[in-house]
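test case, fold it:
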Amino acid sequence: MVEEDAAPVAVPPAAVPLLPEPAPVTGRRKPRGARFAGAADEVGEAREEPQVVAVGGAERRDVVQAVEALARLRKEGRSGEAHALLVEAATWAPARFPLLADELERAGLGADWQTLLWEAASLPAGRLVAAADALGAAGRVGDGQQMLRQGVARPPGEIGQAVLGLVAEGRHREVRALLDAYVRARTPEEAARSAEPGPQTLVPLLLEAAQGVSDERRWDLLHALRVAGFPA
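The predicted model follows:
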């Protein structure tokens, strides 16, 4: 797309609005449908403790401009362009998500916030957890949990590969957050199948996460792992 000299909010009727440039992050979102595939590209992000990053006036202005553009597209019935704008916003830095939530709801675009949560669930694993952290730190714990639940709704093998990538980088807090959401949202049988990419590493981690839920969940998962052929 060729940028024009007009301000970002001046959107010609036939053009998709240009979003402000995303804040720099390490790693890029992979194409939709290949969720978590970029986990190994995220070296350098927060490791053990959630990092709450303050946002400045410029970032707030970017968010306001994007929401204004979205509201205009909705008013004009340009739903395809509105969705494209939301997909792009989902690649922004995690610290912007609470601002996006507030501005979208203030503009009466709560349904678009739900769409944005779903699109953001396709982020690579480390950034997914960081975005959920940012929402939780801003008092939107439910939104963060929803993002994680949606983020683990994918084939078990992909979850296993994502966890292995995070383990290789020493990102143990992200591993715990991801697997906690995973063993809560998926059946023991599904969770057991996620051990296939690396049973020696993944089985103990899955059982630890299940124990954090309940003794019953751990025993159910232990049984499912044994049935799947993974001694534990």
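
how about low-confidence regions in the chain?
Low-confidence segments of the chain, defined by pLDDT under 70: 1-56.

so who does A228 touch?
Residues in contact with A228 (C-beta atoms under 8 Å, 6 or more residues apart in numbering) are 189, 192-193, 195-196. All C-beta spots, glycine's among them, are computed from the backbone N, C-alpha and C.

mind checking which of those are buried?
Among the contacts of A228, those classed as buried by 16 or more other C-beta atoms under 10 Å are 192-193, 195.

got the domain boundaries for the chain?
Per automatic domain parsing, the domain ranges recorded for the chain read 52-151, 155-232.

check which helix or strand the residue nearest the centre of the chain maps to.
In the chain, the C-alpha nearest the mean C-alpha coordinate belongs to L128, at 3.0 Å (C-alpha atoms, centre = their mean). If you go by DSSP states H and E, L128 is part of helix 125-137.

got the contact list for stretch 208-215?
So stretch 208-215 is contacted by 176, 179-180, 182-184, 188, 191, 217-218, 220-222 (C-beta under 8 Å, 6+ apart).

let's see 7 Å
For stretch 208-215, the surrounding residues in contact (C-beta atoms under 7 Å, 6 or more residues apart in numbering) are 176, 179-180, 183-184, 217-218, 221.

and whatever helix or strand Q146 lives in with helix 125-137, angle?
Per DSSP H and E: Q146 is located in helix 141-151. For helix 141-151 against helix 125-137, the angle by axes from the mean of the first three to the mean of the last three C-alpha atoms, to 10 degrees is 160 degrees.

which of the three states applies to D102?
helix (DSSP: H, G, I helix; E, B strand; the rest coil).

I'd like the distance between it and R154.
Distance of D102 to R154, computed by C-beta to C-beta, to the nearest Å: 29 Å.

out of these two, which sits in the busier spot?
Higher neighbour count among D102 and R154: R154, with 19 against 16, using other C-beta atoms under 10 Å.

before we move on, the earlier item: will you turn the buried ones among the contacts of A228 into TSV that also has distance to G77 and secondary structure?
As requested, those are arranged in TSV below (distance: C-beta to C-beta, whole Å; DSSP: H, G, I helix; E, B strand; the rest coil):
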residue	distance to G77	secondary structure
A192	47	helix
R193	43	helix
A195	48	coil
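
in this protein, which helix is the longest?
Ranked by number of residues, the top helix in the chain under DSSP state H is helix 57-75.

buried residues in it, which are they?
Judged by neighbour count (16+ other C-beta under 10 Å), helix 57-75 contains these buried residues: 59, 62-63, 65-71, 73-74.

tell me the one of those residues nearest E169?
Using C-beta to C-beta, E59 is the member of those that lies nearest E169, at 26.9 Å.
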